[in-house]
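In: pasting the sequence and the predicted model now:
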Amino acid sequence: MSDPVNHSRRRFLEKSAAVGAVTIAPGILLHQVASAKPDEQAVSSTVRWGMLINTTKCEQGCTDCIDACNTEHGLVGNNRPESDTQYIRKVTLRDKQTGHELSLPLMCQHCETAPCVDVCPTGASFKRKDGIALVDKHICIGCRYCMMACPFKARSFVHEEVRNQTLSAPRGKGTVESCTMCVHRVDKDQIPACVEACGKGKHEAMVFGDLNDPNSEISKELEKHGGKQIRADLQLNTGVRYQGI
Amino acid sequence: MINRILRITLILTGFVLLLPATGSAETPLPVIHEPEGEGVKCVEPEDVMRRDHMNFILHQRDETMHEGIRTSKYSFAECINCHVQPDDKGNIADVDSEDHFCNGCHEYAAVTIDCFECHADRPQKFIKREGKSASLQHELQQMPTSSEDMGGASK
């Protein structure tokens, strides 16, 4: 890989983080470094990755997150909006009584009890132990049951041959795909491309982190200000939460 | 007797005529482009790789996909990074071409590979980046701006 992981450095950082957790004032934990996963280690359910989106900071008409996602995954449309792949959609909501409008990015909600996983006949649609919902395209037969089962319309089907894929995001004709929460980046201790782009664009409407870690930024923010699930009535326990809706 | 001699002569003539023909029709062996650089070695000896590369990749595939194990030893991306390099003119052979490292042998052995229906056939730095999708932009502009409740979000 072009960016090899320096394990001795990583171990050093893990140790420093542990020491830091004791010596730095309580509440300032270097949790992101402490949760670093060596390449050879399998993901575990001690972590549950999630995202928190503050809709009051999300600007209408801004497509920074979508653009970053498209670049990261090499998503190129064929000028057929009805069928072109979308991992993230910007949705505008308008309250008819007050006229108040808000804009939010909608992607795979990485449900704990994911309907897409329930209906998949081959096991291609699955949940990683750390809560990320994925499609194993090696065994996906393209039946699209998951697309019908998803209450968020988060999945897309690849109708046409794909060329010039990025090396870290393989995708091809005849399979279903959706937001992977940038699993290839998360495994390298990086944050998803959309969250990074939102931060770079100075909106900072998206926070990514470990929902199981009470000291992570996302958990603290959720504890302080709360966060709603879209279609909470379905009791899916989504990994993506929204504020301001 | 004369018939027999005639038959043998005919057969022998046939063989003599056929010999040069079969020689020239033989399929040439695939040209294997070795990775450049001194001391660059594959993760396993050549004969092991020739026989078992598909098993290594398959095993790694499931571990990476389902368990997030991303060691580089049998990584498919690493195969591509090392083995697919530009020629003297700076061109990278397409996966359909016999000059592509994988396809060279697979074409010769008549074994179809499905890997590249999804995976990139060249290292990341040689992948052409295209601009943002025009159709996505189009849809954004067309997006309806009214919905009564969050149910509308799943529209």
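Out: Here it is on my side, so go on. It should be emphasised that the depicted structure is a prediction, and the values quoted were computed from it without experimental measurement. Numbers count the residues shown, from 1 in each chain, chains lettered A, B, ... in the order given.

In: excluding sequence neighbours, find me the nearest residue to residue A:55.
Out: Among residues not flanking residue A:55 along the chain, residue A:244 sits closest, at 3.9 Å (C-beta to C-beta, 6 or more residues apart in numbering or on different chains). C-beta: built from backbone N, CA, C; applies to glycine.

In: correct me, but that neighbour touches residue A:56?
Out: Yes: contact status for residue A:244 versus residue A:56: in contact at 4.2 Å, counting by C-beta atoms under 8 Å.

In: ranges for the helices of chain A?
Out: According to DSSP state H, chain A carries its helices in the segments A:7-23, A:31-34, A:64-73, A:115-119, A:145-149, A:183-186, A:193-200, A:217-225.

In: and those, which one averages the lowest pLDDT?
Out: For the helices of chain A, mean pLDDT drops lowest on helix A:31-34, to a mean of 45.

In: and the residue nearest to the spatial centre of chain A, what does it touch?
Out: By C-alpha atoms, centre = their mean, chain A has its centre lying nearest to residue A:181, at 2.7 Å. Residues near residue A:181 by C-beta atoms under 8 Å, 6 or more residues apart in numbering or on different chains: A:49, A:51, A:108, A:110, A:132, A:192, A:208, A:239.

In: can you tell me which residues contact the fifth one?
Out: Neighbour list for residue A:132: A:49, A:110, A:180, A:181, A:183, A:186, A:239 [criterion: C-beta under 8 Å, 6+ apart].

In: then the last one?
Out: Contact analysis of residue A:239 by C-beta under 8 Å, 6+ apart lists A:48, A:49, A:50, A:51, A:109, A:110, A:111, A:112, A:131, A:132, A:181, A:211.

In: try the second one
Out: Residue A:51 makes contact with A:110, A:181, A:192, A:195, A:206, A:207, A:208, A:218, A:239, A:240, A:241, according to C-beta under 8 Å, 6+ apart.

In: do the third one as well
Out: Residue A:108 is in contact with A:87, A:133, A:150, A:152, A:154, A:155, A:178, A:179, A:180, A:181, A:240, counting by C-beta under 8 Å, 6+ apart.

In: which among the residues you listed gets closest to chain B?
Out: Relative to chain B, the closest of those is residue A:152; by C-beta to the nearest C-beta it sits at 5.1 Å.

In: any idea how far that closest one is from residue A:191?
Out: Using C-beta to C-beta, to the nearest Å, one gets 21 Å for the distance from residue A:152 to residue A:191.

In: the more surrounded of these two?
Out: When neighbours are counted by other C-beta atoms under 10 Å in any protein chain shown, residue A:152 comes out ahead of the other of residue A:152 and residue A:191, with 24 against 20.

In: am I right that that one is in contact with residue A:236?
Out: No: counting by C-beta under 8 Å, residue A:152 does not reach residue A:236; the two are 9.3 Å apart.

In: which residues do the two both contact?
Out: Jointly contacting residue A:152 and residue A:236 under the rule C-beta under 8 Å, 6+ apart are residue A:109.

In: ok, back up a step: and the contacts of residue A:181, which two are the farthest apart?
Out: Pairwise distances across these (C-beta to C-beta) peak at 13.7 Å, for the pair A:108 and A:208.

In: count the residues that sit near residue 82.
Out: Picking chain A for this. 6.

In: looking at chain B here, not the other one
Out: 18.

In: what of the one 4 residues further on?
Out: Residues within reach of residue B:86, counting by other C-beta under 10 Å, total 12.

In: how about residue B:71?
Out: 15.

In: what residues are up against it?
Out: Residues in contact with residue B:71 (C-beta under 8 Å, 6+ apart) are A:39, A:40, B:60.

In: what about chain A, any weak spots by pLDDT?
Out: Along chain A, segments meeting pLDDT under 70 span A:1-36.

In: strands along that one, start to end?
Out: A:49-54, A:89-94, A:101-106, A:125-127, A:133-135, A:156-157, A:176-177, A:206-210, A:240-243 (DSSP state E).

In: how about a markdown table for these, with distance to residue B:66 added?
Out: Formatted as a markdown table, those follow (distance: least, C-beta to C-beta, whole Å):
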| stretch | distance to residue B:66 |
| --- | --- |
| strand A:49-54 | 15 |
| strand A:89-94 | 27 |
| strand A:101-106 | 26 |
| strand A:125-127 | 7 |
| strand A:133-135 | 8 |
| strand A:156-157 | 22 |
| strand A:176-177 | 16 |
| strand A:206-210 | 20 |
| strand A:240-243 | 22 |
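
In: what about the ones you listed, which gets the closest to residue B:96?
Out: Smallest distance to residue B:96 across the strands of chain A (C-beta to C-beta): 23.6 Å, for strand A:176-177.

In: neighbouring strands - and their directions - for that closest one?
Out: strand A:156-157 (antiparallel) (DSSP bridges).

In: domain parsing for chain A?
Out: Annotated domains of chain A cover A:1-41, A:43-243 [automatic domain parsing].

In: now the ones you listed in a markdown table, with distance to residue B:93?
Out: As requested, the domains of chain A are exported to a markdown table (distance: least, C-beta to C-beta, whole Å):
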| stretch | distance to residue B:93 |
| --- | --- |
| domain A:1-41 | 21 |
| domain A:43-243 | 14 |
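
In: please identify the most buried of these.
Out: Most buried of these, by mean neighbour count (mean count of other C-beta atoms under 10 Å in any protein chain shown): domain A:43-243, with a mean of 19.

In: for my notes, confirm residue B:81 occurs in a helix.
Out: Yes: counting by DSSP: H, G, I helix; E, B strand; the rest coil, residue B:81 is found in a helix.
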